[in-house]
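S.K.: need a structure here:
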Amino acid sequence: MAAADTGGGLAMTAGEKGREAPAVVGMATIIWQRLGRWPHWQALGIYGLLLAIALAMVFPMLWLVSTSLKGAGENLLASPPQLIPQHPTLDNYRQVWQTSPFFQYFVNSAIVAVLTVAINLVICSLAAYPLARLHFPGREAILGLIIATIMIPFQVVMIPLYILAVNLGLRNTYLGLVLPYLASAFGIFLMRQAFQTVPKELEEAARLDGCSDLGVYWHVMIPATRPALVTLGIFVFIGTWGEFLWPLILLDRPERYTLPLGVAQLASSFSLDWRLVAAGSVLSVLPALLLFVFLQRYIIPTETASGVKG
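M.R.: All right, here's what the predicted structure looks like:
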């Protein structure tokens with residue numbers, strides 16, 4: 001009887017083990033499937049690489065902000081570098097704002113940037129519309145020549161532009177600062193590509209309603225390509241806001257200086273006090289960052305094709 005009981009117990013143990021094995025395998029399979037499904041190991045590697053690149057890109061800005069917040073008693077060249085200020089202070093910003101005409105630099109840069117963006121959007125879109133939707137001899141050749149101008153560096157045309165600006169009496173003027181950026185090959189190409197994505201049915205419907213070419217451009221093309229316009233406007237604004245070389249050549253009156261020239265003045269005025277230079281740099285970069293934050297939600301494709309029933 002004891003032997004029978006012992007055998008039964010042994011048989012029960014073997015059965016339990018036989019049932020446990022598939023359960024363990026099934027649990028391991030579920031865990032492996034979940035690991036394989038989320039997070040993907042390949043995706044984790046890609047995200048890790050992108051995060052490292054993002055940190056490398058953002059680190060100079062973080063270091064700039066950190067330097068601008070450090071007090072006079074902190075060593076900027078400490079080893080190892082200290083990213084977090086020991087005694088954060090806003091005195092550097094206050095000193096920059098009070099001892100230099102930084103507000104005037106802001107106004108000058110804002111006027112030049114807004115004028116440049118407005119004129120650039122109008123000229124680029126008007127030039128891109130016939131290249132995208134109208135048919136005329138030499139259209140592709142004209143587009144190729146426009147795109148080819150991208151390869152010409154600004155330094156090549158800098159002297160002729162300066163002579164032209166002086167002859168036109170545009171030295172030390174806002175219009176003179178806008179002159180080289182009235183249109184761009186990149187802007188024309190970007191708007192042409194955006195216009196080509198608009199369904200032809202919308203254009204035909206507008207023409208049936210009596211719209212001319214200019215009417216189609218204004219009432220159909222411009223609303224349908226708003227994301228491209230916003231994107232181009234951001235690029236032009238950032239490029240104009242940070243331009244240094246052309247204002248340096250054209251301006252010799254401090255009251256007309258833009259922010260890049262104002263920041264360069266800080267370096268000479270305060271004998272390379274990097275705290276003040278960093279504070280001025282942060283102030284000059286902040287408007288461009290805010291513009292991108294507020295307008296990035298408009299940089300999305302518009303579903304123009306959804307209004308066309310086929």
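
S.K.: what about the stretch 201-310 of the chain, any weak spots by pLDDT?
M.R.: For the stretch 201-310 of the chain, the stretches with pLDDT under 70 are 268-271, 300-310.

S.K.: let's see that with 50 instead.
M.R.: Applying pLDDT under 50 to the stretch 201-310 of the chain flags residues 303-307, 309-310.

S.K.: same thing with the stretch 1-150 of the chain?
M.R.: Looking at the stretch 1-150 of the chain by pLDDT under 50, you get 1-25, 32, 35.

S.K.: for it, what spans make up the helices?
M.R.: 2-37, 41-68, 91-99, 102-133, 139-148 (DSSP state H, counting those that start in this stretch).

S.K.: and the shortest one, what's buried?
M.R.: Within helix 91-99, the residues that qualify as buried by neighbour count (16 or more other Cβ atoms under 10 Å) are 92-93, 95-96. To be clear about C-beta, it is placed using only N, CA and C from the backbone, and glycine gets the same treatment.

S.K.: run through the neighbouring helices and strands of it.
M.R.: Here helix 91-99 touches helix 274-295, going by 3 or more Cβ pairs under 8 Å, 6 or more residues apart in numbering; DSSP states H and E.

S.K.: ok, and the closest non-adjacent residue to residue 189?
M.R.: Spatial nearest neighbour of residue 189, excluding adjacent residues (Cβ to Cβ, 6 or more residues apart in numbering): residue 147 at 5.9 Å.

S.K.: wait, doesn't that neighbour sit right on residue 185?
M.R.: Yes. Assessed by Cβ atoms under 8 Å, residue 147 is found in contact with residue 185 at 5.7 Å.

S.K.: distance check, the closest residue to residue 295 other than its chain neighbours against residue 299.
M.R.: Nearest-residue entry for residue 295: residue 230, 5.6 Å, with adjacent residues in sequence omitted and distances by Cβ to Cβ, 6+ apart. Distance of residue 230 to residue 299, computed by Cβ to Cβ, to the nearest Å: 6 Å.
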